[in-house]
Structures are given as C-alpha cells and as structure tokens.
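Chemist: Predicted model, plus sequence, below.
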Amino acid sequence: MDAERPASSASSTVVGPVSRPDEPERVNLHVLKLVEYMPAAVLLLEADQSILYSNRAAKLLAQVLSPVQGGAPRIHVQDWHPQLVPPDALELCRLRGTWSGNVTLDLPHRSSRVLQVKINALGERGGAPYGLSLRDVTLEHCRQLELNLRNSELEVALARLSNVQEAVLKTEKLASIGQLAAGVAHEINNPMAYVKSNLNALRHDIFQLLSETRARLDGQPLSEDEGIDIEEVASEIRDLIAESCEGVDRVVKIVRDLKDFSHVDRIDNWVLADLHAGLESTLNIVRNELKYKAHIVKTFGELPLIECLSSELNQVFMNILMNAGQALDNYGVITVTTERYGDKVRVSIGDDGKGIPEDVLPRIFDPFYTTKIVGEGTGLGLAISYGIVAKHHGTIEVTSVPGQGTLFLIELPIEQPRSRGMES
Ligand SMILES: Nc1ncnc2c1ncn2[C@@H]1O[C@H](COP(=O)(O)OP(=O)(O)OP(=O)(O)O)[C@@H](O)[C@H]1O
Ligand SMILES: [Mg+2]
C-alpha cells in the first residue's frame, strides 16, 4: 500500500490506482477481499494505535503473538505485542510518510520472533490511518545470524591459521638450523679433538723435559736409554703448539661464521652488508653437508655493500645450497657466482644435479611442496626464500634441465626503494 501523496509530488511515471469510474464500489469490494486473503499480515491503525482493520493473516499472527488473550477483542496494536510498533515509528512516519524496519518480539518461554514491519501514512499530510504490513522473517533472521556466526568463526580460524603458518615457518627455520648445528658441532669437534691430543702429547714432552733438566741440575744426567734429545723434543713441542693454534683458529672462525650467519640480534635489522661475507660464512656453515658431495666453484665479481637483512639473505643462500647438495646423486659441482648489474646485484647458484622436471618447476616455490621423502624435506625452504627476496624488492628465478642441472638467479637492489634508517 502506498501512502497518499500530495498531487504536486505525483509524476508522470507513477502508475496510480486503476479503477473503472462507473464501478468504484465493486472494485473496492474486491480490493478489500484481496487484502483480506493476502498471505502478509495487514492492519489499519488510528493515530492512537487502535486497530481499524486487520486481515486474516494478521489475526492469525495475533494468536501467535499473544495466545493468552484467546478470543478477547484487541483494541490496540499494543494488545498484540507491546514491541510491535517501536515508540518513534509512527512519529517518523508522520514526518516522512513511511517507516520500515525489523522488530524483534520477545515471546513466552524465552522464544522470540522477528517481523519486518512497514508502515505507510494513508491520511492527509502523514496522518492517520496508518497501513501496517507485517512479514515474519524469523527464519531469514536466524539464517543471517548463523551466517554472521560462521563468518566470525571463519575469521578466527583464518587468524589462527596465519599464526600457525608463521609458527611453522619459524619451526622450519629452527629445524634447518638444528640440522646444521649437528654438522657445525662435528666441524668444531675435529679441531678440538686434535688440540686435546696435542695437549696430552705436550704434557708428556714437558714432563720429560723437566725431568731431564732437574736431573742435570742435580748433577745426575739420565743414562742414554732414559735420556731425551732436547732439540728433538723442543721441535716437537713447537709443532704441537703451532698445530693446536691452527685448530683453535679454526674453531674461532667457525664460531665467527655462525655469528655472521645468524646475526639475529634485532628484528628487521636492515644494514649495509657485504654479500660475499654472507656467502662465505654460509658456505662454511654448510661445508659439512656438502664436502663429500660437491666441489664448490666460487666466481665472485666486484660488489658494493647492499642494503639488506643480511641474516635473512644468508638463510636464502643456505636453502638453495642445501637443495643443490640434495640434488646431487653423485659427486658434482656447485657454482656460486656474483656480479653487479646496474643498480642491482646478482647471485647465481647452480648445480649439475638431477634437475627439476617440467611439471614440478611451477610448484617449487609453493609452501609445503616437496618431492623429498617424509622427514627429508618440508617443502618450505624455497617458499621462505621467495618471501625473503620479495621483502628485499628482489627477484628469484630458476632454470633447470632435467638430468643436467639447475640454476637459481637472485637479483637484489643495491638500495631499497624507500630509504630506511641505517644501522651503524
Ligand atoms: N637444485 C635443485 N635441484 C633439483 N630440485 C630442486 C632443487 N631445488 C629445489 N628443488 C625441488 O624443489 C622442491 C622444493 O624445494 P624446497 O627447498 O622448497 O623444499 P625441500 O627442499 O623439499 O624441503 P625443505 O627445504 O623444507 O627441507 C624440492 O623438493 C625439489 O623437488
Ligand atoms: Mg630445501
């Protein structure tokens, strides 16, 4: 039902009520019948909210809303349900000619119904009577609530998933560092083992030297069988000390490489760094993994310092070097090449291993994609590397020929697009 509008507001596009002028009463009768049997509940209200007319659907709805009243006459719409017409709805209707909204009605036994209420002012200048049409939208409302609930559950699940993904990425980084730690421990163990055996030998030599010296001071030189060749022992001591110093230097170097490699003292520690130093320390870290598998050929060009997160780039180099080693079935060659290319630097790491099949190539940067057996790879190495290079506004590309080898090419800008605060 449309609210009656002043004649001036009518436009030629509005189609008004069509009735034959000679049969107004017959038309009115049929319109009344039509309204009476409409599925929507329809009411006519006076300004004081007393009911002028209600159709069948409305009367049925009244029974549902206030069954206790039985057949008692309902004079006011408030008798149907006090929340049916919101307090300011008629006032707004008087101003605007119409009002609509959803109202939630509390019913006995903690149940409720949601009705879509539309009110039109049918009298002069927004006045009475008011036509109400009511539609029960409880089901739609419940579905909407359910949908909202599911949406917020999905949002929570998504947030949790991103947290888990972040945690998995961290775990993967820790796992690969853990795997390397075993190798590094072995690297440290070797020199320490011979430093220890040298110290034992030194103790013996020094003890002999002291005994000989004491005997000579006492005027009782040891017999030829017991005596020692002092020159020979002194030279052995010199060798033992030199060898031990070399061992200790190796340990110091490994520890320094480890520190350079991890460099995790600050989050997002953008620095001006020497990529060659990063490559060298990473190569030292993975040496134990690669030494029986590959000959490493380094061809380093002239590189400027570049603005980067050096420990994260080391992680990229490590992932690609480890993959290269794992791609070699027999002893092979791994090449590491660097060059400057305009305002960028290029690092390429190649291997002459088994290569990557054409159908695998588009997927290698996908998180969790791996062709390795369970326990050998999680499929995160390249996904992490891709993310790190992207964070540096760089690119990472791969070319591979199955059976011949693979080459990863990383391009990094020397300066980051937006200037960042440099670390000292
Ligand atoms: N140099 C390479 N030669 C051959 N295949 C490679 C090479 N580098 C990567 N791949 C392929 O790409 C896949 C994904 O590599 P990625 O480093 O992301 O995971 P992964 O090595 O399988 O496991 P993770 O690095 O997590 O231990 C590998 O499983 C392998 O099939
Ligand atoms: Mg890998």
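Modeler: Arrived safely. Predicted model only: the values in this text are computed from it and were never measured. Ligands and ions are numbered 1, 2, ... in the order given.
Chemist: Determine the longest helix present in this structure.
Modeler: Ranked by number of residues, the top helix in the chain under DSSP state H is helix 138-217.
Chemist: Counting by contacts, list what that one packs against.
Modeler: Helices and strands in packing contact with helix 138-217 are listed as strand 111-121, helix 230-262, helix 275-290, helix 310-326, helix 381-391; criterion 3 or more C-beta pairs under 8 Å, 6 or more residues apart in numbering; DSSP states H and E. (Glycine included, C-beta is placed from N, CA and C.)
Chemist: Now do whichever helix or strand comes after the third one against helix 310-326, angle only.
Modeler: Scanning the chain past helix 275-290 towards its C-terminal end, the next helix or strand to appear is strand 294-300 (assignment: DSSP states H and E). Computed by axes from the mean of the first three to the mean of the last three C-alpha atoms, to 10 degrees, the angle separating strand 294-300 from helix 310-326 equals 140 degrees.
Chemist: And strand 294-300, what does it pack against?
Modeler: The helices and strands touching strand 294-300, judged by 3+ C-beta pairs under 8 Å, 6+ apart, are helix 275-290, strand 332-341.
Chemist: Sketch out the low-pLDDT regions of the chain for me.
Modeler: When the per-residue scores of the chain are filtered using pLDDT under 70, the ranges that remain are 1-22, 67-73, 169-183, 221-227, 259-268, 375, 419-424.
Chemist: And the most centrally placed residue in the chain, how far from residue 315?
Modeler: Ranked by distance to the mean C-alpha position of the chain (C-alpha atoms, centre = their mean), the top residue is residue 162 at 4.0 Å. Between residue 162 and residue 315 the computed distance is 21 Å (C-beta to C-beta, to the nearest Å).
Chemist: just residue 64 next, same as before
Modeler: Computed as C-beta to C-beta, the residue 64 to residue 315 distance reads 67 Å.
Chemist: cool, and residue 33?
Modeler: 81 Å.
Chemist: thinking again about what came up before, more crowded one of residue 64 and residue 315?
Modeler: With neighbours defined as other C-beta atoms under 10 Å, residue 64 and residue 315 compare such that residue 315 has more, 22 against 13.
Chemist: Would you check that the more buried one makes contact with residue 384?
Modeler: Yes - in this structure residue 315 lies within contact range of residue 384 using C-beta atoms under 8 Å: 6.9 Å.
Chemist: For burial, what's the neighbour tally of residue 245?
Modeler: Applying other C-beta under 10 Å, we find 12 residues neighbouring residue 245.
Chemist: how far away is it from ligand 1?
Modeler: Using C-beta to the nearest ligand atom, to the nearest Å, we find residue 245 at a distance of 38 Å from ligand 1.
Chemist: Leaving out sequence neighbours, find the closest residue to the closest residue to ligand 2 within the stretch 201-350 of the chain.
Modeler: Ligand 2 sits closest to residue 323 of the stretch 201-350 of the chain, with a gap of 4.4 Å, by C-beta to the ion. Distance criterion C-beta to C-beta, 6 or more residues apart in numbering; nearest residue to residue 323, sequence neighbours excluded, is residue 381 at 6.3 Å.
Chemist: Surely that neighbour touches residue 322?
Modeler: Yes - the pair residue 381 and residue 322 qualifies as a contact (C-beta under 8 Å) at a distance of 6.8 Å.
Chemist: the more surrounded of the two?
Modeler: More neighbours sit around residue 381 than around the other of residue 381 and residue 322, counting by other C-beta under 10 Å; the figures are 23 against 19.
Chemist: any idea how far ligand 1 is from residue 165?
Modeler: According to C-beta to the nearest ligand atom, residue 165 and ligand 1 sit 14 Å apart.
Chemist: Name all residues that make contact with that residue.
Modeler: Contacts were defined as C-beta atoms under 8 Å, 6 or more residues apart in numbering; by that measure residue 165 touches residue 367.
Chemist: measure it to residue 54 for me?
Modeler: Separation of residue 165 from residue 54 (C-beta to C-beta) stands at 59 Å.
Chemist: most neighbours per residue, which of the helices and strands packed on helix 138-217?
Modeler: Per residue and on average, the most neighbours among these fall to helix 310-326, with a mean of 23 (mean count of other C-beta atoms under 10 Å).
Chemist: Just confirm yes or no for that one near ligand 1.
Modeler: Yes - judged by C-beta under 6 Å from any ligand atom, helix 310-326 and ligand 1 are in contact via 319, 323-324.
Chemist: if we take the residues you listed, which one ends up nearest to residue 297?
Modeler: Top of the list for closeness to residue 297, among these and by C-beta to C-beta, is residue 324 at 11.9 Å.
Chemist: now the closest one, nearest residue through space, not along the chain?
Modeler: Leaving aside its sequence neighbours, residue 324 sits nearest to residue 351 (C-beta to C-beta, 6+ apart; 3.7 Å).
Chemist: Enumerate every residue touching that neighbour.
Modeler: Applying C-beta under 8 Å, 6+ apart, we find residue 351 in contact with 294, 324-325, 327-328, 332-335, 405-406.
Chemist: Most neighbours among these, which one is it?
Modeler: Within these, most neighbours by other C-beta under 10 Å means residue 324, with 28 neighbours.
Chemist: Tabulate the helices and strands packed on helix 138-217 (JSON lines), appending distance to residue 298.
Modeler: As requested, the helices and strands packed on helix 138-217 are exported to JSON lines (distance: least, C-beta to C-beta, whole Å):
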{"stretch": "strand 111-121", "distance to residue 298": "73"}
{"stretch": "helix 230-262", "distance to residue 298": "15"}
{"stretch": "helix 275-290", "distance to residue 298": "8"}
{"stretch": "helix 310-326", "distance to residue 298": "12"}
{"stretch": "helix 381-391", "distance to residue 298": "20"}
